[in-house]
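[1] With the sequence up front, the predicted model follows.
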Amino acid sequence: MTTDEAVGLTREGEGPQRATLLELFLDLVFVAALALASRNLAQRLEWAGVFETVVLLTAVWWVWSVTALATDLYHAQRPPIFVMTLWVMLGTILMAGSLPEAFSDRALVFAGAYVAIHLGRGIFLVAALPDRTTQLSACRLIFWFVVSALPWLVGGLVAGPARGLLWTTALAIDYGSAWLRYPTPRLRRVPTSQYAVAADHLAERYQQFFTLALGDLILVTTLTYADNDVTIDRTVAILVAFAATVLLWQIYVHRAGALLQAAIEASRDPGGFVRSAPNTHLLMVAGVVAAAAGFEVVIADPTEHTTPWLAGVILGGPALFLVGRARFEYEVFSRVSPSRLVALLVLVVVGPALLLTPALVAGLAATLVLAGVAVLDGIRARGNPPEPPAPSL
């Protein structure tokens, strides 16, 4: 038994684990951030708006995914991890509150909060974990977040395209170092053995977060409906948005979503899942954010002519989700259902035609494509017994 196990910080070898109320409390902050990202995108359907939303969403997601891994390895209710989680919540509130103006007046607040979250988390872990091996893992993360802090903070001080370039570079450092297992001078990489996780807990966390991300779609569409006069068109539009929300949830949980825990346990390289799960779920969450932005525009003016940008987000949201879901399915079963590929093709093909239709028709078309995928999933599920996850090589 290691020292940190003795003081009750680690989850290792304690049987089934469930997410704590503190972790769910943490997630609420991210729902606010996702909703603000969706509304920001809906108000800026242009290249700059899309680029900024992608950068900001990617940063917010990385805060959650690294924190989720930390609370998977260590008990969130223990005082040091409890304080660390509250620190992340506070920083995320600052990031979320700065998000609408993160590329203008509040850039330094957003970047400073991001850097403070990651460095503070690492410092908390180094101070709380007496075991040298786990301390070194936290030191590796601190090293790389110090490296990325420079472009983050400089980007907060400069203006114009340089900010976007610097922040994109910083995100590439953060994501790339994690994928490479944080190779650090003299410390080397994080050993794969340290990626051993509580599969049931981590799987539940991703499932919970995606479900909460759908809350972004519900929140944004409901607020938009409440902010406008009630008409038949708007009422139909919010019903279509609700149907899309249900279908996104149904497609996510179908087989692969429910078997994520078993897939992690069956994997010969659990660290591979730990490193890839954030990327696949980022695509799915980004799809939800884009769909929420698209449906906000549709509900606000259902009879508005479908512009290329509106078609892009209203169809691109489901497309991003399906790409992430297909990759997720491949990680679990080592194959992809043809319905995902057909749906992606349909979304691409119908795009130009929707430019001749009202916005409500575009939203309905995206929802019908999702309905087709869900129906095919249901037919296939009834015709075939549940399949076990494929062992990962």
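    Happy to help now that I have it. Numbers count the residues shown, from 1 in each chain.
[2] quick one: which helix or strand includes the most centrally placed residue in the chain?
    To find the centre residue of the chain, average its C-alpha atoms and take the closest one (Cα atoms, centre = their mean): that gives Leu282, at 3.7 Å. For Leu282, the element it lies in under DSSP states H and E is helix 270-300.
[3] What's the first helix or strand after the lowest-mean-pLDDT helix or strand in the chain?
    When the helices and strands of the chain are compared on mean pLDDT, DSSP states H and E, helix 3-6 comes out lowest with a mean of 42. For helix 3-6, the succeeding helix or strand toward the C-terminus, using DSSP H and E, is helix 21-43.
[4] Report the distance from that next one to the chain centre.
    Here the centre of mass of C-alpha atoms in helix 21-43, compared against the chain's by Cα atoms, centre = their mean, to the nearest Å, lies 10 Å away.
[5] helices and strands around that helix, which ones?
    For helix 21-43, the helices and strands in contact under the criterion 3 or more Cβ pairs under 8 Å, 6 or more residues apart in numbering; DSSP states H and E are helix 47-73, helix 79-98, helix 199-227, helix 270-300. C-betas here are computed from N, CA, C, even on glycine.
[6] thinking again about what came up before, just checking, the residue nearest to the centre of the chain touches Val60?
    No - counting by Cβ atoms under 8 Å, Leu282 stays clear of Val60, with 10.1 Å between them.
[7] For the two, list the residues in contact with both.
    Shared contacts of Leu282 and Val60, defined by Cβ atoms under 8 Å, 6 or more residues apart in numbering, are absent.
[8] Can you name the next helix or strand after the helix holding Leu282?
    helix 308-333.
[9] So for that next one, what gets flagged as buried?
    Of the residues in helix 308-333, 309-333 count as buried by neighbour count, 16 or more other Cβ atoms under 10 Å.
[10] relative to helix 199-227, how tilted is that helix?
    160 degrees (axes from the mean of the first three to the mean of the last three Cα atoms, to 10 degrees).
[11] any idea of the mean pLDDT for helix 308-333?
    Mean pLDDT, taken over the full extent of helix 308-333, equals 91.
[12] Mind giving me the packing neighbours of it?
    Contacting helix 308-333 under the criterion 3+ Cβ pairs under 8 Å, 6+ apart are the following elements: helix 232-252, helix 260-266, helix 270-300, helix 338-354, helix 359-383.
[13] want to throw those helices into a markdown table with distance to Met89 and mean pLDDT?
    As requested, the helices and strands packed on helix 308-333 are arranged in a markdown table below (distance: least, Cβ to Cβ, whole Å; pLDDT from 0 to 100):
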| stretch | distance to Met89 | mean pLDDT |
| --- | --- | --- |
| helix 232-252 | 25 | 96 |
| helix 260-266 | 25 | 60 |
| helix 270-300 | 19 | 88 |
| helix 338-354 | 35 | 94 |
| helix 359-383 | 33 | 91 |
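[14] could I get the ones you listed as a markdown table with distance to Thr20?
    Formatted as a markdown table, the helices and strands packed on helix 308-333 follow (distance: least, Cβ to Cβ, whole Å):
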| stretch | distance to Thr20 |
| --- | --- |
| helix 232-252 | 23 |
| helix 260-266 | 17 |
| helix 270-300 | 19 |
| helix 338-354 | 34 |
| helix 359-383 | 32 |
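[15] just the ones you listed: most buried one?
    Per residue and on average, the most neighbours among the helices and strands packed on helix 308-333 fall to helix 270-300, with a mean of 24 (mean count of other Cβ atoms under 10 Å).
[16] Packing partners of that helix?
    With contacts defined as 3+ Cβ pairs under 8 Å, 6+ apart, the secondary structure elements packing on helix 270-300 are helix 21-43, helix 47-73, helix 161-179, helix 199-227, helix 232-252, helix 260-266, helix 308-333, helix 359-383.
[17] Could you give the separation of the fourth one from the chain centroid?
    Taking Cα atoms, centre = their mean, one finds the center of helix 199-227 at 10 Å from the center of the full chain.
[18] If you count neighbours, what's buried in that helix?
    For helix 199-227, a neighbour-count test (16+ other Cβ under 10 Å) marks 199-207, 209-210, 212-221, 224-225 as buried.
[19] likewise stretch 49-60?
    Along stretch 49-60, these residues count as buried under the neighbour rule (16+ other Cβ under 10 Å): 49-50, 52-60.
[20] Any idea which of the helices and strands packed on helix 270-300 gets closest to Pro278?
    Smallest distance to Pro278 across those (Cβ to Cβ): 4.0 Å, for helix 47-73.
[21] what mean pLDDT would you report for the closest one?
    In this model, helix 47-73 carries a mean pLDDT of 92.
[22] tilt between that helix and helix 79-98?
    Computed by the same axes, to 10 degrees, the angle between helix 47-73 and helix 79-98 is 170 degrees.
[23] Which neighbouring elements make contact with helix 47-73?
    Of the remaining helices and strands, those touching helix 47-73 by 3+ Cβ pairs under 8 Å, 6+ apart are helix 21-43, helix 79-98, helix 107-128, helix 161-179, helix 199-227, helix 270-300.
[24] try 6 Å
    helix 21-43, helix 161-179, helix 199-227, helix 270-300 (3 or more Cβ pairs under 6 Å, 6 or more residues apart in numbering; DSSP states H and E).
[25] got the ones you listed as a markdown table, with distance to Gly97 columns?
    Written out in a markdown table, the entries for the helices and strands packed on helix 47-73 read as follows (distance: least, Cβ to Cβ, whole Å):
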| stretch | distance to Gly97 |
| --- | --- |
| helix 21-43 | 8 |
| helix 161-179 | 18 |
| helix 199-227 | 16 |
| helix 270-300 | 17 |
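[26] among these, which is nearest Leu141?
    It's helix 161-179; of the helices and strands packed on helix 47-73, that one is closest to Leu141 (Cβ to Cβ) at 8.5 Å.
[27] May I see the buried residues of that closest one?
    Under 16+ other Cβ under 10 Å, the buried positions of helix 161-179 are 163-164, 166-171, 173-175, 177-178.
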